[in-house]
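> Sequence below, structure please.
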Amino acid sequence: MSAGSLPRYVLQRVLLVIPMMFILLTVVFVLLRVAPGDPISASLGGKLTEEAINARREMLGLNRPFIVQYLEYLGNTATLNFGETITDNHAILDIIRDNGGATLTLTIGAFIIALGVGIPLGRIAARGRDKARDVVIRVFGIISYATPIFFVGLLMQLYIARPTGLPTSGIASPRIMHAVNQNAITHVILVDSVIQGNWAAVGDVLVHHILPCLTLGMMICGVFIRMVRVNLLQTLQSDYVEAARARGIHESRVVRKHAFRNALVPVVTIVGLQAAMTLGGAVLTESTFNWPGLGTQLMHYIQARDYMGVQGIVTFFALVVAAISVIVDVVNALIDPRVRFE
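Predicted coordinates:
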């Protein structure tokens, strides 16, 4: 493979992910093991006899040496075996299958809103640099990024849900959920509703998505506003844009055809960096709106002090972030071939 070729670049990025994953998994494992007490006593202490606790500890291998547990954890993660929860004996892979679809649609919807709001506003701000609209948009971006997401969710419920009647809890109406889940194929309720041709369910699910997606999307749209504005301002000062202006091309076409497209290239990279933030924000958004996703499950197991459940879900999140990082790098290389030579 020649230098700068796409296959070589992809291979390099995949190899770079391996040490990153090693560090992430090590941090997750160590932090949960250095917590006071042991996982069994923390979650089931007072509910089981000492003999039953010791038996459960032996069954889960928690009485083995630290290094043995660590190596087994790495091996299980490599085969996507995230273990079982302590409090309810559920396979974490089943929890991910049943609840991951709700988190997936929430994050995708939030990204659509963030891009749909952030990119146009960033462009408008750049076109009116230092004017009133630029100042207003920049302040809006800072506020949307800095405001706690649970507070935004509460404001949405108070000032948008009440006047409009939008639902503030759940991913769908109970009746719709029961009807769709009876014949679930993908365990993503929106996709299953489309597959089943249940258009009433599709509408109900989309309505339930509005406030949670808007809340989470507002958290990350400020980043896109700033990125688009800064990169567009830099692009507008480049030589090829000045050359286009010198040829008499109208300013709106210069921005649209020459500057704006190139200004969007760094935004692709930011999408990957925002993935981890979005997953973290999804935890609070799901708690605020009683959303049946992995964030809600994670909060449940944190409150139950079920370290194995927390470890499995956080490990899955780490794998997702790593995978998104590789995908974004590949997409960035396709959009801008120059990055393959960096």
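
> Would you map out the domains in this protein?
What the record gives for the chain is the domain set 1-87+306-342, 97-303, from automatic domain parsing.

> Export these to TSV and append columns for mean pLDDT.
Listed next are the domains of the chain as TSV, based on pLDDT from 0 to 100:
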stretch	mean pLDDT
domain 1-87+306-342	79
domain 97-303	87
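
> Leu155 versus the residue lying closest to Leu334 once chain neighbours are set aside, what's the distance?
Spatial nearest neighbour of Leu334, excluding adjacent residues (Cβ to Cβ, 6 or more residues apart in numbering): Leu6 at 7.4 Å. (Glycine included, C-beta is placed from N, CA and C.) Here Leu6 is placed at a distance of 45 Å from Leu155 (Cβ to Cβ, to the nearest Å).

> Kindly provide the distance from the residue nearest to Leu334 to Ile324.
Counting by Cβ to Cβ, the separation of Leu6 from Ile324 is 19 Å.

> which of the domains of the chain is buried the deepest?
domain 97-303 (a mean of 18; mean count of other Cβ atoms under 10 Å).

> Tell me where the stretch 51-200 of the chain has helices.
For the stretch 51-200 of the chain, applying DSSP state H, counting those that start in this stretch gives helices covering 66-78, 92-127, 132-146, 149-156, 162-164, 174-181, 189-195, 199-236.

> Show me what the helix or strand following the longest one is in contact with.
For helix 199-236, the following helix or strand on the C-terminal side (DSSP states H and E) is helix 239-246. Residues from elsewhere that reach helix 239-246, judged by Cβ atoms under 8 Å, 6 or more residues apart in numbering: 235, 251, 254, 258-259.

> who touches the following helix or strand past helix 239-246?
Using DSSP H and E, the helix or strand that directly follows helix 239-246 along the chain is helix 251-253. For helix 251-253, contacts defined as Cβ under 8 Å, 6+ apart pick out Arg245.

> residues contacting the residue nearest to Thr103 when sequence neighbours are not counted?
Excluding the flanking residues, the one nearest Thr103 by Cβ to Cβ, 6+ apart is Gly293, at 3.6 Å. Shown in contact with Gly293 (Cβ under 8 Å, 6+ apart): 99-100, 102-103, 106, 171, 282, 286.

> Please repeat the previous calculation with a cut-off of 6 Å.
Residues near Gly293 by Cβ atoms under 6 Å, 6 or more residues apart in numbering: 99, 102-103, 286.

> ok, now how distant is Thr278 from Gly61?
When Cβ to Cβ is the yardstick, Thr278 and Gly61 sit 34 Å from each other.

> swap in Tyr307?
Note on Tyr307: its distance to Gly61, by Cβ to Cβ, is 13 Å.

> can you check Thr186 too?
As for Thr186, its distance to Gly61 is 33 Å (criterion: Cβ to Cβ).

> cool, Val207 as well?
In terms of Cβ to Cβ, Val207 sits 46 Å off from Gly61.

> For Gln12, give me its contacts.
By Cβ under 6 Å, 6+ apart, no residues touch Gln12.

> and the helix or strand hosting Ala323, how far from the chain's centre?
In this assignment (DSSP H and E), Ala323 forms part of helix 307-335. The chain centre lies 9 Å from the centre of helix 307-335; the measure is Cα atoms, centre = their mean, to the nearest Å.

> Over to stretch 256-274?
Worked out by Cα atoms, centre = their mean, stretch 256-274 lies 19 Å from the chain centre.

> what's the answer for stretch 94-108, then?
In this view, stretch 94-108 has its centroid 11 Å away from the chain centroid, taken as Cα atoms, centre = their mean.

> now what about that stretch, what contacts it?
Contacts to stretch 94-108, defined as Cβ under 6 Å, 6+ apart, come from residues 171, 187-188, 190, 212, 278, 282, 292-294, 297, 316.

> Ok, which of the helices of the stretch 51-200 of the chain comes nearest Leu32?
Closest approach to Leu32 among the helices of the stretch 51-200 of the chain is made by helix 66-78 (10.0 Å; Cβ to Cβ).

> check contacts around Gly173.
Wrong residue type there; residue 173 is Ser, not Gly. Residues counted as contacts of Ser173 (Cβ under 6 Å, 6+ apart) are Asp204.
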